[in-house]
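Enquirer: the amino acid sequence is not available; the structure is as follows:
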């Protein structure tokens, strides 16, 4: 398939793909362009469907026969371009998904491979059970549900709500509150603004790094190891090696609550 659909910015691209890789990015034209191909064994049983409604576009990758491709030899790829201001609603179960340079809300459900998102201005709602998740340069709220692998976020400017049971979590720069529940590995978070939120882990250690000038109230408790605070706290209260609370900064700041049952907790400076 090689099709071009004229649209106005502000619409939504809906994609449902049963197999293959999916690559969606923006361009300067007021149109949605679709390039899709299937090659290899029984490629003729892969069907591409396209429909439009106003400025919304629907694209589907459908396969005939549930045994199709079970023994390999079938390569399916879909590449789509949308206007810069456009939203996405994607559902894929057959391979990797990549999204880049979108100004609009992005909703993605994946169960078939790795997911990578970059340069998003808008809300991100993502669920994955199939592989590694990478996300960078996001301006907006982020909601993540993962059970398939490690999660890496970089430069997120907005609140993060995350639940994961599939691997380690690394957030290399977040300016917003973080609500995280981890049961699959270790957690590492660097706060660019005042740290805020509630972070719980049962599968590994928790490390949080903050700016020297950050203001916050800390409540950190671990049942799986010691709590190490590598910075000065005002009115620090330490009941034992596993529970530390206190305040940092000249004024009362947001609350940061840390709980771990799978490893130790460390709070330090960037």
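Expert: Thanks, I have it. Worth saying up front: this structure is predicted, and the values here are computed from it rather than measured.

Enquirer: quick one: mean pLDDT for stretch 146-163?
Expert: The average pLDDT within stretch 146-163 is 95.

Enquirer: again with stretch 133-142
Expert: Stretch 133-142 carries an average pLDDT of 98.

Enquirer: swap in stretch 182-194?
Expert: Mean predicted lDDT for stretch 182-194 stands at 94.

Enquirer: now do the same end-to-end measure for that stretch.
Expert: Stretch 182-194 stretches 22 Å from its first residue to its last (CA to CA, to the nearest Å).

Enquirer: quick one, helices of the stretch 101-250 of the chain?
Expert: Assigned by DSSP state H, counting those that start in this stretch, the stretch 101-250 of the chain shows no helices.

Enquirer: can you give me the buried ones in stretch 23-35?
Expert: Within stretch 23-35, the residues scored as buried using 16 or more other CB atoms under 10 Å are 23, 24, 25, 26, 30, 31, 32, 34. Bear in mind the C-beta positions are built from the backbone N, C-alpha and C, glycine included.

Enquirer: am I right that the second one sits in a strand?
Expert: Yes: Residue 24 forms part of a strand when assessed by DSSP: H, G, I helix; E, B strand; the rest coil.

Enquirer: which residues touch it?
Expert: For residue 24, the contact set (CB atoms under 8 Å, 6 or more residues apart in numbering) comprises 13, 15, 79-82, 88, 90, 97-100, 102.

Enquirer: now, of these, which are buried?
Expert: 13, 15, 80, 81, 82, 88, 90, 97, 98, 99, 102.

Enquirer: from those residues, which ones fall inside strands?
Expert: Counting by DSSP state E, the part of the buried ones among the contacts of residue 24 found in strands is 13, 15, 80, 81, 82, 88, 90, 97, 98, 99, 102.

Enquirer: possible to save those as TSV with pLDDT and distance to residue 171?
Expert: Below are those laid out as TSV (pLDDT from 0 to 100; distance: CB to CB, whole Å):
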residue	pLDDT	distance to residue 171
13	98	28
15	98	27
80	98	28
81	98	30
82	98	27
88	98	23
90	98	23
97	97	20
98	98	20
99	98	19
102	98	20
